Every structure is written in C-alpha cells, then in structure tokens.
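K.L.:
model the following, please.
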Amino acid sequence: MNCHSYKSVFIGLIYISSLFISCSSDQDSETYQLIPEADEQYSGGKNATSFNVSEEAFGFFSSHLTAEQQSDFGIGNSFFRQSWVAAPASATARDGLGPFYNAISCSSCHFKDGRGRPPMYNGELGTGLLLRLNLPQTDTHGGYLPETTYGNQLQDVAILGQDKEGEYTISYQYFYETYADGTQVELRKPVYTIVNLNYGALSGSVSVSPRIANQMVGMGLLEAIPEATLLGYQDVSDANGDGISGKANYVFDVASQTTKMGRFGWKANQPNVKQQVAGAFSGDIGITSSLFPNENIPTGYNGASIPNGGTPEITDETLDKVVLYSSSLSVPARRNYESQTVLEGKEIFNSIECAKCHIPKMTTSSTYYIEAFRNQIIRPYTDLLLHDMGPELADNAPDYLADGNEWRTPPLWGIGLIPTVNNHTYLLHDGRARNVEEAILWHGGEAATAKTNFKNLSQAERQKVIDFINSL
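P.N.:
As a prediction, the model looks like this:
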C-alpha cells in the first residue's frame, strides 16, 4: 500500500474511533460527539509547545532547554532583534550593515518572530517582502545563477553615501472566484515593476520571485524530522494516481560541501537552519559570515572601498547563538481544539484532501542536537516537499530541483495567531492572499482537487474548515 492510501485509511480510522455515541431514551436517532485526539493541543510536542496567545506568542523557548542553551537563546535573541549599524562604529559586535540591504535587523522582517507582509504603499521599506533574482543557467552545484549585475536579490536600501540598487512597485489585478453556491470572493494578483536601477539594466533573462518572511516557530523541530519520514511522502511519478506527487529538493550545503535535502525557504532551497540564517544575514542585512564571506555588491558599483565590520562581520560564535535561538522557538498550542465546530472542520479538511500535503502529525528523530526536541510527536501540517501549485501561483523561477510552478508545503502551525502577533492576515509566498479563505482559493495544480472540493462545500462547512485552520 502506498503512503497516500495508507494515510487515507488511517484518517478514516481516526474519524471512526473519535466518535462518542450517546443514545437518548427519548429519541431513536443517535447523537455524535467528536472528540480531539490525545495530546492534540501540543503542536510542538510536549517539550516545545507554549501556551501563550498574546502578541508574544511566537517568542518563547522550550522550557526543556539546558541552562547553557537558555543563555545562548537570550544572546541569540538580542542579535536577532537589535539593529545592525554601518561600519566603522563603536558597537563593533553589531557593525557591518550593508552597504546594500533590505532590513537593518532580522526582526524587521520577522517582527516578534512572526510573518512579514507586502508594503502597504509603494516605497514602504522593511516589511518582510523582497524580490529574488536569478538566471536560467545553473552553477556546478545545481543552483541557479544570480542575476549578473544585482546578485540573487534586489536590495532597495543602502548605507549613507551609497546609492541603493533600485526600487520596486506593486500593482494589483482583481478578479473573482465563484463557489458552487454562487458566492463570490475577490482575489488579487500582484504585478511587480522594478524601477530606478542605479547600476545598470537587469538581464533580459532574469526571473523575479517575490518572497515573504515567514514566522519562525518550530524550525528546529522541522529540522529534527527524519529524512526518511519526509521521503516516505514522496510520490514523484504519482504512482497512486491521486494527482499529488510531491518531491524533495536537493540543494548545496555550504558547510559540508555536499548535496542535502532542502527543508527551509519557500522552495526548500536551504538544507538546515544555520544556512537559512546565514543566508538571510548575507542577503537581507549585508552581514558576512564564514558561510557567506563575500559582500553583495552590484557589478556596476564604482564607489570607494567598502566599509566592513570585520572578516567576517558576524563571528561563528554569535552566528551559532542566533541559529540556536531560531531553532528552539516553541510552537503555540492549539486553541479551541475541543470545539465541535473546529473538530468538524478538521474532518472536512481531511476529507477534501488538504491533509495529503499538509501532513498533520510526525515524530522527530532520536538524534537531533537539541536533546529536548528528540522523539517529539509534532503537528506541523506540512510534508516539506515541493508541489506544483499551478500557473496562477507560479513565479517561473526555478531553484535547484524546484521548477517555476513548485513551492514547498508551508507548515500551518501558528497560522491563526499571525493576526495577534503581526496585526495582519496576509498569506502565501508574496502575501497576495488577504486571509485563509483567499489562500485556499489560490491553490491549483496538485491542489486543484482540494480547492474544488472546498468550493463545493456549503458556506457553513467552508467556515468550519477556516475555523479549524485558524485553530492551528
């Protein structure tokens, strides 16, 4: 039996076993009461779930960290939240910003360890959206080459005395999606225009891909999932004929100089938390590290020598503390998980095939370097695999094995607290969806059946699915 068939049977058994049947002596009919699974509230397992629903909900560490790890978490937190400054500066541990960058701190994009959003107006900076740039040619490791002049992302800010690389504007095209019951929902599609380039024109063959900064919770737990578990969800040739394949991305690991399975980033183009963090320091803030020691400088740059904050600008010791911080953020517990409406939404979510990619439950490995995260039953609602999401969501920008239509399944845990933490509800890779409902309606490709099934539900059933997702 293949993994998808087994999963469907398992979900069916869970449904049957979760029904509590009570019979009234006054009625011939039966009343069915759904109950949650055991420990379903522990999204991050019993060692890495926090029960805080305030605006700080994404910012807690596992209470099971060692004393040394808790200390490192605090130091990593300070480097994550505080602003970097241009060199030379008296704050030598935090200088080296730029000279070209998108944000002055990690928390500029991941405010309160949460999710970024598109600019509310053209010219608004530091909201957590950037434009990736790449060419159709690949390097020796299979990664696609950065754009010739501006590198692998457009940096729209520069330190004093330098001209920024350029700017971009966003306009929106609007259209309607219609449900089976005739209800219409307005969707918006962003159109990006790069303007005011200061160092020459872009290559004619460049692909431009917008990327939103995601919430940070549970990254270490995702890293701790055994590779064999994730590969068990692969069905690259769609052997079971359900229209869903899913494939792993394989990317270059800089530290080991080997190819490894990708887990992080919108196209699973980073193999581990450390490379994800170091890549963000380099691309987003202009901070060099031992993994990425070179500054991002446009080839048309003719300025004086570039000021730097050391070689590298963030030490391995400090980088490791930021990595520990990023890896050990707890996942918020489920809310309203015992509600009948939410439980009914959960059953519908499973029945319309959402759970074929948003896998509800996994177990972490017994060897992960953070001991508290070992052998944890977690509920991330992802398979971390690439899926063709159809032409409407396509960015036409390949990334290692990911083609222009493919995206990694994003984890859904914590999604319902984004409005509380970040005061917005914008979703998907570029924030085009203004809420959960719109995000579902943008699904296509391998998710087209799930979307159609959702569109055929009644309004009450659709709301139950949304209520369930917002409980995660």
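K.L.:
what mean pLDDT does stretch 106-117 have?
P.N.:
Across stretch 106-117, the average pLDDT comes to 98.
K.L.:
under the pLDDT cut-off, which ranges of this protein? List them.
P.N.:
Scanning the chain for pLDDT under 70 picks out the ranges 1-30, 303-304.
K.L.:
where exactly do the helices run in the protein?
P.N.:
Using DSSP state H, the helices of the chain run over residues 3-17, 67-81, 106-109, 219-223, 227-231, 273-280, 316-327, 340-351, 418-422, 436-441, 448-455, 459-470.
K.L.:
helices and strands around the shortest one, which ones?
P.N.:
Applying 3 or more C-beta pairs under 8 Å, 6 or more residues apart in numbering; DSSP states H and E, we find helix 106-109 packed against helix 67-81. For glycine as for every other residue, the C-beta is placed from the backbone atoms N, C-alpha and C.
K.L.:
helix 316-327 and the helix it packs on, what's the angle between them?
P.N.:
Interaxial angle, helix 67-81 versus helix 316-327 (axes from the mean of the first three to the mean of the last three C-alpha atoms, to 10 degrees): 90 degrees.
K.L.:
my read: residue 357 touches residue 246, true?
P.N.:
Yes. With contact defined as C-beta atoms under 8 Å, residue 357 reaches residue 246; the gap is 6.7 Å.
K.L.:
more neighbours: which of the two?
P.N.:
Comparing residue 357 with residue 246 by other C-beta atoms under 10 Å, the one with more neighbours is residue 246, at 26 against 22.
K.L.:
tell me the phi and psi of the more buried one?
P.N.:
phi 80, psi 130 (degrees, to the nearest 10).
K.L.:
quickly note the distance from it to residue 389.
P.N.:
12 Å (C-beta to C-beta, to the nearest Å).
K.L.:
any shared contact partners between the two?
P.N.:
Residues touching both residue 246 and residue 389 by C-beta atoms under 8 Å, 6 or more residues apart in numbering: residue 446.
K.L.:
ok, back up a step: turn the helices of the chain into JSON lines, including mean neighbour count and distance to residue 239.
P.N.:
Listed next are the helices of the chain as JSON lines, based on neighbours: other C-beta atoms under 10 Å; distance: least, C-beta to C-beta, whole Å:
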{"stretch": "helix 3-17", "mean neighbour count": "14", "distance to residue 239": "9"}
{"stretch": "helix 67-81", "mean neighbour count": "17", "distance to residue 239": "43"}
{"stretch": "helix 106-109", "mean neighbour count": "23", "distance to residue 239": "39"}
{"stretch": "helix 219-223", "mean neighbour count": "25", "distance to residue 239": "26"}
{"stretch": "helix 227-231", "mean neighbour count": "14", "distance to residue 239": "14"}
{"stretch": "helix 273-280", "mean neighbour count": "23", "distance to residue 239": "32"}
{"stretch": "helix 316-327", "mean neighbour count": "21", "distance to residue 239": "35"}
{"stretch": "helix 340-351", "mean neighbour count": "20", "distance to residue 239": "22"}
{"stretch": "helix 418-422", "mean neighbour count": "19", "distance to residue 239": "36"}
{"stretch": "helix 436-441", "mean neighbour count": "20", "distance to residue 239": "27"}
{"stretch": "helix 448-455", "mean neighbour count": "18", "distance to residue 239": "17"}
{"stretch": "helix 459-470", "mean neighbour count": "19", "distance to residue 239": "28"}
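K.L.:
among the ones you listed, which comes closest to residue 310?
P.N.:
Taking C-beta to C-beta, helix 316-327 is the member of the helices of the chain nearest to residue 310, at 10.7 Å.
K.L.:
which strands or helices does the closest one pack on?
P.N.:
In terms of contacts (3+ C-beta pairs under 8 Å, 6+ apart), helix 316-327 is packed against helix 67-81, helix 219-223, helix 273-280.
K.L.:
residue 200: neighbour count?
P.N.:
Neighbours of residue 200 using other C-beta under 10 Å come to 15.
K.L.:
could you do the one 10 residues further on as well?
P.N.:
Residue 210 has 21 neighbouring residues, counting by other C-beta under 10 Å.
K.L.:
can you name the residues bridging to it?
P.N.:
residue 131 (DSSP bridges).
K.L.:
please name the residues that touch it.
P.N.:
For residue 210, the contacting residues are 129, 130, 131, 132, 190, 192, 395, 429, 430, by C-beta under 8 Å, 6+ apart.
K.L.:
how close does the second one sit to residue 190?
P.N.:
Distance, residue 130 to residue 190, using C-beta to C-beta: 13 Å.
K.L.:
and these two? which has more neighbours close in?
P.N.:
When residue 130 and residue 190 are compared for neighbours, residue 130 comes out ahead with 23 against 14, by other C-beta under 10 Å.
K.L.:
contacts only, for that one.
P.N.:
Contacts of residue 130 (C-beta under 8 Å, 6+ apart): 102, 153, 154, 210, 211, 283, 284.
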